[in-house]
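Engineer: A predicted structure for the sequence below; I have some questions about it.
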Amino acid sequence: MGDFTWHRVGEMVIDNFERNLPKLTSGQSLAKLRDVSVGQGDGAIILAAGPSIHRQKPLEKILAAGFKGALIATESSMAYCLRNDVVPDLVVTTDPHSDRIVRWFGDPDLTSEKLAQDDYFRRQDMDEKFADEIKTNELLLDKVNTHGKDIKIALATTSSQAVVDRVLDSGMQIFWWSPLVDDPDLPNSRSRDMFKRCRMPAMNAGGNVGAAAWMMADAVLGKKHVALTGIDFGYYGDTPYRNTQYYHEALDLVGEDRLDEVYIHIYNPYLETWFYTDPAYAWYREIFLEMVQDADCETYNCTEGGILFGDGIHFVSLDSFLTDHA
């Protein structure tokens, strides 16, 4: 976790960790997932919630191909899965935010007053269903309550109280882990201290839940062919700046007139299309490209959009991956 990120969320991470320590008995160690069957064979598909997910509709292709490997969903794509009557083999969550992340699980405490204070979901180019936030929340509450007992979740020890309580209430099968927040070999490492106190596996999450899900497929489940969908790390060229994740932060940093200086335009040679990104997602991209060099699996970016390409990544269509690995 970089210094800037730690400055922004570090206190939240530690507070969540301390609060969750007594709850760790309600679940198992992530290491126990190695003893559990998660999908058939050596293939896995990561379903994340980048803007390509509702343009490319990967679940339609996955279902049509009869894919039997592991379907690993970020918490942000769980609603997309459940709406399509698909229960992921594993859900992954890592973000410590106090009240936003629980929305992906259905927030039992959501009110119109809360929505008036935060436009995070309805503003972004992610899941279009969240435009009608109250209705979507009610449907998601019902879906998660119905299917919770069938869902395995890799739950971060640093997750918010709202997320942990929601996961417990819905009956999900919990596998605890801790995201690395610094170098565990450093003196006074926070990551090492957290591990000593909770004894749950610590993993490099790459700064985001999509990378964390990929890491689970590779390092925990031992899958050898891992496809990525919805991991854009950027935006389509026709997306207004206002619909990007860190718009308000960029606005506060440089003002409306200088937003062009913040966003970075990247040409995707595989799609012959320009996309753009922000400094946070550009950093996630660089970290992922470093992580993939040490992976034991073959990584296939089947997002069919975005900026994640480079050494160690096969940039192919989802149809192509499914032809070879369904």
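Structural biologist: The structure has been received and is ready for your questions.
Engineer: just the CA trace of the longest strand along the chain, in CSV.
Structural biologist: The strand spanning the most residues in the chain, taking DSSP state E as the definition, is strand 173-179. Taking Å, rounded to 0.1, in the frame of the first residue of the first chain, the C-alpha atoms of strand 173-179 are listed here in CSV:
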residue,chain,number,x,y,z
GLN,A,173,-19.0,-19.1,4.2
ILE,A,174,-16.2,-16.9,5.4
PHE,A,175,-12.5,-17.4,4.6
TRP,A,176,-10.4,-14.7,6.3
TRP,A,177,-7.3,-13.0,4.9
SER,A,178,-5.3,-9.8,5.4
PRO,A,179,-4.2,-7.6,2.5
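Engineer: any figure for the gap between Asp107 and Met200?
Structural biologist: 26 Å (C-beta to C-beta, to the nearest Å). Any C-beta I mention is one placed from the backbone N, CA and C, and that applies to glycine too.
Engineer: Gly148 versus Val164, what's the distance?
Structural biologist: Going from Val164 to Gly148 by C-beta to C-beta gives 13 Å.
Engineer: more neighbours, those two?
Structural biologist: Val164 (23 against 20; other C-beta atoms under 10 Å).
Engineer: which residues does that one contact?
Structural biologist: Counting by C-beta atoms under 8 Å, 6 or more residues apart in numbering, Val164 touches Asn20, Lys23, Leu155.
Engineer: switch the cut-off to 6 Å
Structural biologist: By C-beta atoms under 6 Å, 6 or more residues apart in numbering, the contact list for Val164 reads Asn20.
Engineer: check which residues of the helix or strand harbouring Ile134 are buried.
Structural biologist: Here Ile134 sits within helix 133-147, counting by DSSP states H and E. With burial defined by 16 or more other C-beta atoms under 10 Å, the residues of helix 133-147 counted as buried are Glu133, Thr136, Asn137, Leu139, Leu140, Leu141, Lys143, Val144, Asn145, His147.
Engineer: so, low pLDDT: which residues of this structure?
Structural biologist: For the chain, applying pLDDT under 70 flags the ranges 1-8, 119-131.
Engineer: most centrally placed residue in it?
Structural biologist: Most central in the chain under C-alpha atoms, centre = their mean is Val209, positioned 2.8 Å from the mean C-alpha point.
Engineer: so what's that one closest to, chain neighbours aside?
Structural biologist: Thr74 (4.4 Å; C-beta to C-beta, 6 or more residues apart in numbering).
Engineer: what is the burial count for Ala73?
Structural biologist: Burial measure for Ala73: 30 neighbouring residues, criterion other C-beta under 10 Å.
Engineer: can you list phi and psi of it for me?
Structural biologist: phi -110, psi 140 (degrees, to the nearest 10).
Engineer: so what sits opposite it in the bridge?
Structural biologist: In this structure, Ala73 bridges to Leu47, Val91 when assessed by DSSP bridges.
Engineer: how far away is the residue sitting furthest away from the middle of the chain from Asp238?
Structural biologist: For the chain, the largest distance from the centre (C-alpha atoms, centre = their mean) belongs to Asp257, which lies 31.4 Å off. Distance of Asp257 to Asp238, computed by C-beta to C-beta: 21 Å.
Engineer: same thing with Pro51?
Structural biologist: Here Pro51 is placed at a distance of 10 Å from Asp238 (C-beta to C-beta).
Engineer: any idea which helix or strand comes after the helix or strand encompassing Ala44?
Structural biologist: Using DSSP H and E, Ala44 sits in strand 43-47. Once strand 43-47 ends, the next helix or strand along the chain (criterion: DSSP H and E) is helix 53-56.
Engineer: the following helix or strand past that following helix - contacts with which helices or strands?
Structural biologist: The element immediately downstream of helix 53-56 (helix or strand, assigned by DSSP H and E) is helix 58-65. In terms of contacts (3 or more C-beta pairs under 6 Å, 6 or more residues apart in numbering; DSSP states H and E), helix 58-65 is packed against helix 318-325.
Engineer: give me the contacts around the helix it packs on.
Structural biologist: Gly43, Pro58, Lys61, Ala65, His225, Ala227, Tyr300, Cys302.
Engineer: so how far is it off the chain centroid?
Structural biologist: In terms of C-alpha atoms, centre = their mean, to the nearest Å, the centre of helix 318-325 is found 22 Å from the chain centre.
Engineer: what about the strands in the stretch 201-326 of the chain?
Structural biologist: 202-203, 225-229, 235-236, 264-268, 273-277, 298-301, 313-315 (DSSP state E, counting those that start in this stretch).
Engineer: for the fourth one, packing partners?
Structural biologist: Using 3+ C-beta pairs under 6 Å, 6+ apart as the contact criterion, the elements in contact with strand 264-268 are strand 273-277.
Engineer: for the second one, same thing?
Structural biologist: For strand 225-229, the helices and strands in contact under the criterion 3+ C-beta pairs under 6 Å, 6+ apart are strand 43-47, strand 298-301.
Engineer: thanks a lot, catch you later.
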